[in-house]
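Trainee: next input, structure requested:
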Amino acid sequence: MSKHTGVKTLMCGECGFRTANRSNLSRHIRTHTGEKPYKCDQCDYSTTHKSALNRHMAKHTGNKPYICDECGYRTASRSHLSEHMRTHTGERPYKCDQCDFSASHKGNLKKHKAKHTGNKPYMCDECGYRTADKSYLTRHMRTHTGMKPYKCDQCDYSAARKVSLDHHLTKHTGEKPFMCEQCEYRTTNKYYLSEHMRTHAGEKPYKCDQCDYSASHKGNLDKHMAKHTGEKPYMCDECGYRTADRSHLTRHMRTHTGMKPYKCDQCDYSAAHKVSLDHHLTKHIGEKPFMCEQCEYRTSNRSSLTVHMRTHTGMKPYKCDQCDYSASCKGNLVKHMYKHNGEKPYMCGECGFRTARMSHLTVHIRKHTGEKPYKCDECDYSAAQKFHLDRHVAKHNGE
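Mentor: This is a model prediction of the structure:
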């Protein structure tokens, strides 16, 4: 009867969670006790929910009986298919009762509601990071432990997040099941498609509650909010560099390790950043689909075109909050801010040289390694810096 009356008579003695369903309470209690009674008989996986075990078993059998009639997407879970269908229908059945926010997934609504209450019950004992979502805390803890529990069964790749592994696996299969109906864009990730669709709609659903900033991506809003709070929970153990963005820390760590995980499949080029590899690949295909309507400038990159257009409009949207400096590129503002705080987060592990710019560190490292990546295609000259190659090439051209 409690389902009809809305009364939630059953309560957790640990945290006050209430429910009308005894089985829901039993499952919830396991979040406190850590009990995972459902065991996989083919590996060491265990879980608190039987439905989660059923989904897991599909990884062993490869069975994906649920198929999307629109695009051919297949999954082992009926609920995943229901969620996927909303990318086609645009349906957002989960409504916030305090604002006009709506979501296609119940979990997204739950996270959103925490913004109204301000409640962040989950805290990291290592650094004080707090969050409204238990799964976020679990992921955050891996930045301290270095744990990467999600393993690829086709290579030695491992990831701290399941979504990263799912994305990686598509490199082996080449599968891109999510397709935009307004252009030819395809992607391996449902979330990427949702973000892409906003480029057509101009939609920016993520609003800052402290200023008029809005964003098309939640990640961008999270980064923006750090400007208000000053919070930088991610720290480099090598040099003390701190950042509000986990991906920035991951990229920063490569300045110490020298790791360049993004490999070109057409030459021996490798890069520390995916955007650098994407830019490099256009040299092989020569494709520059983004064109300026006011001049003959063309580029392989949408963001480069956006920055270029500001040379025509004079727009400088990135403002310094300590002086009247403004910039057309966010990177230029970041570099400028180092002048105020004196911060030099990039350090050479060989000699202790420090700099405010990663590109300066990259060039400096070549003094130790002897690397000269800029090659002349008319002779055997090579250089550590591009402007040296440009100066050399001018000699061939008689300039």
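
Trainee: please make it C-alpha for all contacts and neighbour counts, starting now.
Mentor: Will do.

Trainee: quick one: the helices in the stretch 201-350 of the chain?
Mentor: Taking DSSP state H, counting those that start in this stretch as the test, the helices found in the stretch 201-350 of the chain are 218-229, 246-257, 274-285, 302-313, 330-341.

Trainee: confidence score at residue 27?
Mentor: According to the model's per-residue confidence, residue 27 sits at a pLDDT of 82.

Trainee: and the helices of the stretch 201-350 of the chain as a markdown table, adding mean neighbour count, mean pLDDT and distance to residue 240?
Mentor: Conversion of the helices of the stretch 201-350 of the chain to a markdown table gives the following (neighbours: other Cα atoms under 10 Å; pLDDT from 0 to 100; distance: least, Cα to Cα, whole Å):
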| stretch | mean neighbour count | mean pLDDT | distance to residue 240 |
| --- | --- | --- | --- |
| helix 218-229 | 14 | 80 | 18 |
| helix 246-257 | 16 | 82 | 11 |
| helix 274-285 | 14 | 78 | 24 |
| helix 302-313 | 14 | 86 | 31 |
| helix 330-341 | 14 | 82 | 15 |
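
Trainee: what are the buried residues along stretch 286-301?
Mentor: Of the residues in stretch 286-301, those scored as buried under the neighbour-count criterion (16 or more other Cα atoms under 10 Å) are 290, 298, 299, 300, 301.

Trainee: which of the residues you listed sit farthest apart?
Mentor: Spatial extent of the buried residues of stretch 286-301 (Cα to Cα) is set by the pair 298 and 301 at 8.9 Å.

Trainee: got any residues that touch both of the two?
Mentor: With contacts defined as Cα atoms under 8 Å, 6 or more residues apart in numbering, the residues adjacent to both residue 298 and residue 301 are 288, 289, 290.

Trainee: wait, what's in contact with the last one?
Mentor: Okay, so that is residue 290. With contacts taken as Cα under 8 Å, 6+ apart, residue 290 has the following neighbours: 298, 299, 300, 301, 302, 305.

Trainee: just residue 14 next, same as before
Mentor: With contacts taken as Cα under 8 Å, 6+ apart, residue 14 has the following neighbours: residue 32.

Trainee: ramachandran angles for residue 11?
Mentor: phi -130, psi 140 (degrees, to the nearest 10).

Trainee: what about the nearest residue to it once chain neighbours are set aside, neighbour count?
Mentor: Nearest residue to residue 11, sequence neighbours excluded (Cα to Cα, 6 or more residues apart in numbering): residue 18, at 4.4 Å. Here the count is done by other Cα atoms under 10 Å, and residue 18 has 16 residues near it.

Trainee: which residues does residue 346 bridge with?
Mentor: Judged by DSSP bridges, the bridge partners of residue 346 are residue 355.

Trainee: my guess is it contacts residue 358, does it?
Mentor: Yes. Applying Cα atoms under 8 Å, one finds residue 346 in contact with residue 358, separated by 6.0 Å.

Trainee: of the two, which one has the most company?
Mentor: For residue 346 versus residue 358, the count of surrounding residues by other Cα under 10 Å is larger for residue 346: 24 against 17.

Trainee: what residues are up against the more buried one?
Mentor: If a contact means Cα under 8 Å, 6+ apart, then residue 346 has 239, 241, 252, 255, 354, 355, 356, 357, 358, 361 as its contacts.

Trainee: repeat for residue 160
Mentor: 139, 142, 146, 147, 148, 149, 150.

Trainee: any chance of those in CSV, with pLDDT and neighbour count too?
Mentor: Output for the contacts of residue 160, formatted as CSV (pLDDT from 0 to 100; neighbours: other Cα atoms under 10 Å):
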residue, pLDDT, neighbour count
139, 83, 15
142, 84, 15
146, 83, 11
147, 85, 14
148, 86, 16
149, 85, 13
150, 85, 16
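
Trainee: considering the residues you listed, which is situated nearest to residue 365?
Mentor: Within those, the smallest distance to residue 365 is 25.9 Å, found for residue 146 (Cα to Cα).

Trainee: tell me who's in contact with that closest one.
Mentor: Residue 146 neighbours (Cα under 8 Å, 6+ apart): residue 160.

Trainee: for stretch 79-90, buried residues please.
Mentor: Within stretch 79-90, the residues scored as buried using 16+ other Cα under 10 Å are 81, 83, 84, 85, 87, 88.

Trainee: same list (those residues) but as TSV, adding distance to residue 381 and secondary structure.
Mentor: As requested, the buried residues of stretch 79-90 are arranged in TSV below (distance: Cα to Cα, whole Å; DSSP: H, G, I helix; E, B strand; the rest coil):
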residue	distance to residue 381	secondary structure
81	57	helix
83	56	helix
84	54	helix
85	56	helix
87	52	helix
88	54	helix
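
Trainee: of the residues you listed, closest to residue 323?
Mentor: Comparing these against residue 323 with Cα to Cα places residue 87 closest, at 44.2 Å.

Trainee: what residues go with each domain of the chain?
Mentor: According to the domain assignment given by automatic domain parsing, the chain is divided into the following structural domains: 25-63, 64-246, 262-397.

Trainee: format these as CSV; extra columns: distance to residue 9.
Mentor: Compiled in CSV, those are given as follows (distance: least, Cα to Cα, whole Å):
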stretch, distance to residue 9
domain 25-63, 11
domain 64-246, 21
domain 262-397, 52
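
Trainee: so which of these gets nearest residue 8?
Mentor: Going by Cα to Cα, the one of the domains of the chain nearest residue 8 is domain 25-63, 10.6 Å.

Trainee: can you get me the start-to-end distance on that closest one?
Mentor: The stretch domain 25-63 measures 31 Å between its terminal residues, going by Cα to Cα, to the nearest Å.

Trainee: got the buried residues for that domain?
Mentor: Residues of domain 25-63 classed as buried under the neighbour-count rule (16+ other Cα under 10 Å) are 25, 28, 29, 38, 46, 47, 48, 53, 55, 56, 57.

Trainee: which strands and helices sit next to the helix or strand in which the third one is found?
Mentor: Here residue 29 is covered by helix 22-33, with elements defined by DSSP states H and E. Using 3 or more Cα pairs under 8 Å, 6 or more residues apart in numbering; DSSP states H and E, the elements in contact with helix 22-33 are strand 10-11.
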